[in-house]
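[1] quick one, structure for this:
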Amino acid sequence: MSPEPVLDPEAVRLDTAGPLVDVRGLSVAFGGHPVVRDVSFTVQAGRCTAIVGESGSGKSVTAKALLGLNGHTAATTASTLRLAGRDLTDLGDRDWQRLRGREIGYVLQDALVSLDPLRRVGAEIAEPLRVHRYGDRRAREARVIELLERVGVPEPRLRARQLPSQLSGGLRQRALIAAAVALEPAVLIADEPTTALDTTVQAQILALLDELRTGGAGLVLISHDLGVVERLADEVVVMQHGVVVEQGPTDQVLGAPSHPYTKRLLAAIPTAHARGSRLSSAAPATLAARPADRPVPAPGTPVLEVRHVTKRYRGPDRVTRTVVDDVSFTLHAGETLGIVGESGSGKSTTAAIALALTAPDEGEVLFEGRPWSALLERERRPDRPRIATVSQDPLSSFDPRRSVGQLVTGALRAAASARGGQGAAATDARARVDDLLAGVGLDPGLAGRHPSTLSGGQRQRVAIARALATDPDVLVLDEAVSALDVSVQAQVLDLLADIRARYGTSALFISHDLGVIRHVSDRVLVLKDGRVVEEGRVEQVLERPVAEYTRRLLAAVPGGGLSAATTTHTTTTTTDPTGDPR
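    Residues are numbered from 1 along each chain as shown. Now for the predicted structure:
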């Protein structure tokens, strides 16, 4: 029998009688440039303080100051910076190592690239246990399985033996959360902890965080999802350009905001009454006319047909599992088809089959009535630019040697080459890159930056700009707005609506956010365990669902009270391919 788990005897034990987190006058600068200025807040035991704001507002920098993770180039000052009474302003590297994981946990923002790709998931979760001397190897292995079960990972023994690349985005996110709570720290900093999670798993994670809070932990929640904030937070701190513009009790800040910036964030949330309206205050995108040799397809024309596709994979336990099971659907010209379902339901694999990036074991995919999945790749190449994709994990899809401008320019040139044309002149290409970046809400001056220096939301916008550079007929968007704050998400959703109205572009839109699906989709397909359990008009499926599974997804959506706080949207009615107003 294994001995009882033993923790590192040198671990720092904190005084939890007073505030667990006490921040006053916090400022952080990089290279003399201030990015956080005079931020103050506290977190009591059993309470949650949420920090919200757009990308670049200073949320994550503020959180990392509590962990000593802003790097040695950061100049951090504060009149008070304490963790359960302990001064954090003069800690050395060894002191920080003793605190992190044991006394203060951290759920990283970029879950999809935060796990070591060469390390099995179980070993990754066991790392904080090993560092802080939790029991022997057998005790750590048992604790890993317990943690995976706690955060809702199915088949935990199998998942512990897999590499991160073999897990869906949602499962990888849960693995990171399991590692962060492994030692039940007194304070947990959760930076976008539910970004990649479907609604039912999100509800489970929020319940877990709520359980930790009820047990006396203090939570610092960084999130762009105001529904999650409403569900979990006791206090809200709203940041803009590195300063606090509003803070107070959650029901006050989200229910009766006083600052125009907070009101704008709330107005950008896609709600039932916002369907058919613009979410952002930005003017409609100015889009170039479609080339004369590429006319807008007739509305309602079948563009992409997926017919009875099935896909199976053999796992490390040598068991073959069906991940897509007899799935069929048709995407029409100018239509947006939403695909929803829990993590592992087969959404992303279905998209990969539609893109002909994965070959089905059974069934076929047609593009404009012609074979698509059955072709050799060299036969598909001329039409490749016509189906563009925006992945869930933008950084991994970028060439690490290229700048933002080079990535978008490369897409422009590749599309021209595939269509048998010549690339645009350098000056024309630069102008086109600037237009694309501006269209997705980015400063064209970022063209010279490397994607690794951008925030997660900025990187996702670069990925969308690169996809639009090929002037596609079909966009496949796999959680394309999940990493964006609500105001930038609103700009991107409005941009997609402009593109659809201008070019008749069709889209497969995969998302765990049912509010976004309701806002952008004409029809919706609900997947469970690789099978279609319900499909139909979005109003029918999301307002009058038939399948019990769909009802469960809807019941798990957080933030039901937010719609009352949103301001009036600018109504811009559009028309779907069947002629019904949206």
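
[2] now do the same for the spatially closest residue to P257 that is not a sequence neighbour: its pLDDT.
    Nearest in space to P257, with sequence neighbours left out and distances taken as C-beta to C-beta, 6 or more residues apart in numbering, is K263 at 5.1 Å. Yep, even glycine has a C-beta here, placed from its N, CA and C like the rest. Looking at K263, its pLDDT reads 94.

[3] next helix or strand past whatever helix or strand K263 lives in?
    Using DSSP states H and E, K263 sits within helix 260-267. Sequence order places strand 277-278 as the next helix or strand after helix 260-267, per DSSP H and E.

[4] just give me how far that following strand sits from the chain centre.
    Centroid separation for strand 277-278 versus its chain: 22 Å, with C-alpha atoms, centre = their mean, to the nearest Å.

[5] direction included, what does whichever helix or strand comes after that strand pair up with?
    With elements assigned by DSSP H and E, the helix or strand that comes after strand 277-278 is strand 302-314. On the basis of DSSP bridges, the sheet neighbours of strand 302-314 come out as strand 320-332 (antiparallel), strand 362-367 (antiparallel).

[6] of all these, which one comes closest to D393?
    Each of those has some distance to D393 by C-beta to C-beta; the shortest is strand 320-332, at 18.4 Å.

[7] buried sites along stretch 227-241?
    Using 16 or more other C-beta atoms under 10 Å as the test for burial, stretch 227-241 gives 227-240.

[8] actually stretch 53-73, not the one I wrote
    Neighbour counts over stretch 53-73 (16+ other C-beta under 10 Å) mark 53-70 as buried.

[9] which stretches of the stretch 201-350 of the chain have low pLDDT?
    For the stretch 201-350 of the chain, the stretches with pLDDT under 70 are 286-296.

[10] in this structure, which helix is the longest?
    Ranked by residue count under DSSP state H, the longest helix found in the chain is helix 486-503.

[11] point out where the chain drops to low pLDDT.
    Within the chain, the stretches with pLDDT under 70 are 1-17, 109-112, 169, 196, 286-296, 421-427, 456, 559-582.

[12] can you give me the domain boundaries for it?
    Listed domain ranges for the chain are 21-259, 302-571 (source: automatic domain parsing).

[13] let's have the buried residues of stretch 227-241 in CSV, adding distance to S27 and secondary structure.
    What follows is these, written out as CSV (distance: C-beta to C-beta, whole Å; DSSP: H, G, I helix; E, B strand; the rest coil):
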residue, distance to S27, secondary structure
G227, 31, helix
V228, 28, helix
V229, 24, helix
E230, 29, helix
R231, 31, helix
L232, 27, helix
A233, 24, coil
D234, 25, coil
E235, 21, strand
V236, 21, strand
V237, 15, strand
V238, 18, strand
M239, 13, strand
Q240, 15, strand
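
[14] which residue ranges form the helices in the stretch 351-500 of the chain?
    Assigned by DSSP state H, counting those that start in this stretch, the helices in the stretch 351-500 of the chain fall at 377-380, 394-397, 404-418, 426-439, 456-468, 486-503.

[15] deepest-packed of those helices, please.
    helix 456-468 (a mean of 25; mean count of other C-beta atoms under 10 Å).

[16] got a list of what the residue nearest to G420 when sequence neighbours are not counted touches?
    Leaving aside its sequence neighbours, G420 sits nearest to P382 (C-beta to C-beta, 6+ apart; 7.3 Å). Residues near P382 by C-beta atoms under 8 Å, 6 or more residues apart in numbering: A418, R419, G420.

[17] which residues touch the residue lying closest to F367 once chain neighbours are set aside?
    Of all residues beyond its chain neighbours, the one nearest F367 is L304 (5.9 Å), with distances taken as C-beta to C-beta, 6+ apart. Counting by C-beta under 8 Å, 6+ apart, L304 touches T330, L331, A354, V365, L366, F367, W372, I387, V474, S506, L508.

[18] from these, which would you call buried?
    Buried subset of the contacts of L304 (neighbour count, 16+ other C-beta under 10 Å): L331, A354, V365, L366, F367, W372, I387, V474, S506, L508.

[19] list the contacts for the fourth one?
    By C-beta under 8 Å, 6+ apart, the contact set of L366 is P302, L304, E305, R307, W372.

[20] from the contact counts, what lies against the helix or strand where S60 lies?
    Using DSSP H and E, S60 sits within helix 59-65. Using 3 or more C-beta pairs under 8 Å, 6 or more residues apart in numbering; DSSP states H and E, the elements in contact with helix 59-65 are strand 21-30, strand 33-43, strand 48-52, strand 74-77, strand 187-191, strand 218-222.

[21] ok, residues contacting it?
    Applying C-beta under 8 Å, 6+ apart, the external contacts of helix 59-65 come out as 23, 26, 28, 35-36, 39, 51-53, 70, 74, 76, 78, 81, 106, 109, 189, 191, 220, 222, 239, 242, 455.

[22] repeat that for stretch 229-237.
    Residues from elsewhere that reach stretch 229-237 (C-beta under 8 Å, 6+ apart): 39, 41, 47-52, 206, 209-210, 213, 219, 221, 223, 244, 246-250, 253-254, 558-559, 561-562.

[23] to G530, which of the helices and strands packed on helix 59-65 lies closest?
    Proximity to G530 (C-beta to C-beta) singles out strand 187-191 among the helices and strands packed on helix 59-65, at 30.4 Å.

[24] who does that closest one pair up with?
    As defined by DSSP bridges, the strand partners of strand 187-191 come to strand 104-107 (parallel), strand 218-222 (parallel).

[25] in CSV: those strands, plus mean neighbour count and distance to S258.
    Converted to CSV, these look like this (neighbours: other C-beta atoms under 10 Å; distance: least, C-beta to C-beta, whole Å):
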stretch, mean neighbour count, distance to S258
strand 104-107, 24, 30
strand 218-222, 26, 21
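
[26] coming back round to it: which of the contacts of L304 sits closest to R551?
    Proximity of the contacts of L304 to R551 (C-beta to C-beta) peaks at L508, which lies at 23.7 Å.

[27] the closest one: what secondary structure?
    Here L508 is recorded as strand under DSSP: H, G, I helix; E, B strand; the rest coil.

[28] check contacts around it.
    Applying C-beta under 8 Å, 6+ apart to L508 gives the contacts L304, L331, L337, I339, A351, A354, V474, L475, V476, L477.

[29] narrow those to those in strands?
    L304, L331, L337, I339, V474, L475, V476, L477 (DSSP state E).

[30] separation between the fifth one and L355?
    Spatial separation of V474 from L355 under the definition C-beta to C-beta, to the nearest Å is 9 Å.

[31] on that earlier part again, can I get the strands paired with strand 187-191 in CSV with distance to R544?
    Listed next are the strands paired with strand 187-191 as CSV, based on distance: least, C-beta to C-beta, whole Å:
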stretch, distance to R544
strand 104-107, 36
strand 218-222, 33
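
[32] closest to D529 out of the ones you listed?
    In terms of C-beta to C-beta, the element of the strands paired with strand 187-191 nearest to D529 is strand 104-107, at 27.4 Å.

[33] for that closest one, which outside residues touch it?
    63, 66-67, 69, 83, 100, 176-177, 180-183, 185-191, 193.

[34] just how off-centre is it within its chain?
    Relative to the centre of its chain, strand 104-107 is centred 19 Å away, using C-alpha atoms, centre = their mean.

[35] residues contacting the closest residue to A467 other than its chain neighbours?
    Using C-beta to C-beta, 6+ apart and skipping the chain neighbours, the partner closest in space to A467 is A388 (4.0 Å). A388 makes contact with A467, L468, T470, P472, V474, L475, V476 under the criterion C-beta under 8 Å, 6+ apart.

[36] ok, of the residues you listed, which one's closest to I269?
    Nearest member of the contacts of A388 to I269, counting by C-beta to C-beta, is L475, at 22.6 Å.

[37] how many neighbours does the closest one have?
    For L475, the neighbour count with other C-beta atoms under 10 Å is 23.
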